[in-house]
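Peer 1: Quick one, what's the 3D model for this:
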Amino acid sequence: MKNLFRIITLLLSTFVFSQEKEVAPPYNIKTVSFSQNVNNTIPFFRLGENFDLQFDDLYGNEADYYYTIEQYNYDWTPSQLLKNEYLNGLDNQRIQNYQNSLNCLQIYSHYTLSFPNKFNQITKSGNYIVKIFDDEQEIVFSKKFILYEDNTSVGITIRRSRDMETLYQKQNIEFFIDYKDKPLQNPKENIKVSIYQNGKFSNAIHNIKPQYTIGTQMIYRYNKETQFWAGNEFLNFENKNIRGTTNSVFKVTTGDIYNSYLYTNEARKNKIYTYFPDINGNFFVNNLNSTQNTIEADYSWVYFSLLSDVNPLEKSVYVTGMFNNYQISDEFKMEYNQETKLFEKPILLKQGFTNYQYTLVDKNGKIDEQNAIDGNFYQTENEYIVLVYYKGGAERYDRIIGIGRANSTEIKN
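Peer 2: Predicted coordinates:
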């Protein structure tokens, strides 16, 4: 009985203090994104700024959805703060701003949740998750977002790897934090950092300690510890004129809804690097013939195909991007066609301009960036963000007191 009690206690403690993960939306929920001034964006916002969470429900039946806001620590374990300590007002409110699609073959209801709103306002910086529930209080999906204060200076330099094995494949992030005259307690221990590549949570780097300090500056000049696989420029397609072909869409057919067939992509791993402007995985909803894209842009089955030497028995290929939150699930897993010798997948997407990439996953479900289908090239244009967390001895949550941004177009040797 004592051993059983210990096991139960261990399981409960593991559950309580486990890192919170996002809940992926079901099939009928599409085009989930955070936005500012209409444009989709990485969900890092200055505390007090206005931003929106938007999504479509393909059932189009004006269903009732509710939301809650929860704060988390640096490591995405639950914060110790009570809700009224970080939220001015009440959550668990119904999303009241929604509209039905107009002049579209695919019906849907479009929902917009604005922050702050008349019911509540977030008062503290930190890690957050917004959870969306249906009218039976069953969770539908959840999304992470981050609110920061701008109280410290962060300087970033992007360099090539110093390791000869990855000299042409990785990008290294060097940076410093200058807290100047801010009264921080034991900053070397109480400050933590997170480094993001193109805003992705899946490959972010955490728990890096400063190598040394100079006055009020904390210096981070690691090599391997702060390296990212550089990847390649994102692929893209445009179907803002959903009935027409483009340099990426070679055929369009119409049934119950539109079908857009993309030109076949070839793996770029063994090709030379070619610069091609992208939007670092983002997407823009756009209907060329509409005035209100959120409800007048239609959906289309987009047919992806890939020519690659990947062994489908050993590894899997997924189509990912901000359009699906880089989600690894069966909905976005490509199937290998023995007749055409291609990886193929149709995905239902809202029309506009969309960045995407092919993500390689091994048998254990781990993303294989090292052997990426499109290769890794140090010249690749990536955006890097460094977030600075601080938790003083008397504080009960991790504030975010600074942010730094840099682009690898200015990479140094």
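Peer 1: Which stretches in the stretch 201-350 of the chain count as helices?
Peer 2: 293-296 (DSSP state H, counting those that start in this stretch).
Peer 1: To clarify, my last question referred to the stretch 1-150 of the chain.
Peer 2: Under DSSP H, counting those that start in this stretch, the stretch 1-150 of the chain gives helices at 2-16, 83-86.
Peer 1: Quickly, which of those bottoms out on average pLDDT?
Peer 2: The minimum mean pLDDT among those belongs to helix 2-16 (a mean of 46).
Peer 1: Break this protein down into its domains, please.
Peer 2: Annotated domains of the chain cover 29-148, 153-231+379-407, 238-265+290-358 [the TED database].
Peer 1: and those as TSV, adding distance to residue 370?
Peer 2: For the C-beta atoms, the positions are set from N, CA and C on the backbone; glycine is no exception. Below are the domains of the chain laid out as TSV (distance: least, Cβ to Cβ, whole Å):
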stretch	distance to residue 370
domain 29-148	24
domain 153-231+379-407	6
domain 238-265+290-358	12
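Peer 1: Could you dump these into TSV with mean neighbour count and distance to residue 272 added?
Peer 2: Converted to TSV, those look like this (neighbours: other Cβ atoms under 10 Å; distance: least, Cβ to Cβ, whole Å):
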stretch	mean neighbour count	distance to residue 272
domain 29-148	17	30
domain 153-231+379-407	17	10
domain 238-265+290-358	17	16
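Peer 1: Excluding sequence neighbours, find me the nearest residue to residue 127.
Peer 2: Nearest in space to residue 127, with sequence neighbours left out and distances taken as Cβ to Cβ, 6 or more residues apart in numbering, is residue 72 at 4.2 Å.
Peer 1: so what's that neighbour scoring on pLDDT?
Peer 2: At residue 72, pLDDT is 97.
Peer 1: doesn't residue 130 make contact with it?
Peer 2: No - judged on Cβ atoms under 8 Å, residue 72 makes no contact with residue 130 at a distance of 11.6 Å.
Peer 1: In contact with residue 177, which residues?
Peer 2: 152, 153, 154, 191, 193, 210, 217, 218, 220, 388, 402 (Cβ atoms under 8 Å, 6 or more residues apart in numbering).
Peer 1: give me the element it is part of.
Peer 2: strand 170-178 (DSSP states H and E).
Peer 1: neighbouring strands for that strand, and are they parallel or not?
Peer 2: strand 153-160 (antiparallel), strand 217-220 (antiparallel), strand 227-229 (antiparallel) (DSSP bridges).
Peer 1: And the second one, how far out from the chain middle?
Peer 2: Right, the one you point to is strand 217-220. 27 Å (Cα atoms, centre = their mean, to the nearest Å).
Peer 1: got the contact list for it?
Peer 2: 174-179, 187-188, 191, 193, 208, 210-213, 226.
Peer 1: now the strands for the stretch 51-200 of the chain?
Peer 2: 51-57, 66-72, 87-89, 93-94, 98-100, 109-115, 120-122, 126-133, 139-148, 153-160, 170-178, 191-197 (DSSP state E, counting those that start in this stretch).
Peer 1: closest one to residue 203 among these?
Peer 2: strand 191-197 (6.1 Å; Cβ to Cβ).
Peer 1: So the residue nearest to residue 61 when sequence neighbours are not counted versus residue 347, what's the distance?
Peer 2: Using Cβ to Cβ, 6+ apart and skipping the chain neighbours, the partner closest in space to residue 61 is residue 109 (7.0 Å). From residue 109 over to residue 347 the distance is 21 Å, taken as Cβ to Cβ, to the nearest Å.
Peer 1: cool, residue 252 as well?
Peer 2: From residue 252 to residue 347 the distance is 15 Å (Cβ to Cβ).
Peer 1: quick one on the thing from earlier: export the strands paired with strand 170-178 as JSON lines, with columns for mean pLDDT and distance to residue 266.
Peer 2: Output for those, formatted as JSON lines (pLDDT from 0 to 100; distance: least, Cβ to Cβ, whole Å):
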{"stretch": "strand 153-160", "mean pLDDT": "96", "distance to residue 266": "26"}
{"stretch": "strand 217-220", "mean pLDDT": "96", "distance to residue 266": "38"}
{"stretch": "strand 227-229", "mean pLDDT": "97", "distance to residue 266": "20"}
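Peer 1: can you put these in TSV and add distance to residue 326?
Peer 2: Formatted as TSV, the strands paired with strand 170-178 follow (distance: least, Cβ to Cβ, whole Å):
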stretch	distance to residue 326
strand 153-160	22
strand 217-220	26
strand 227-229	14
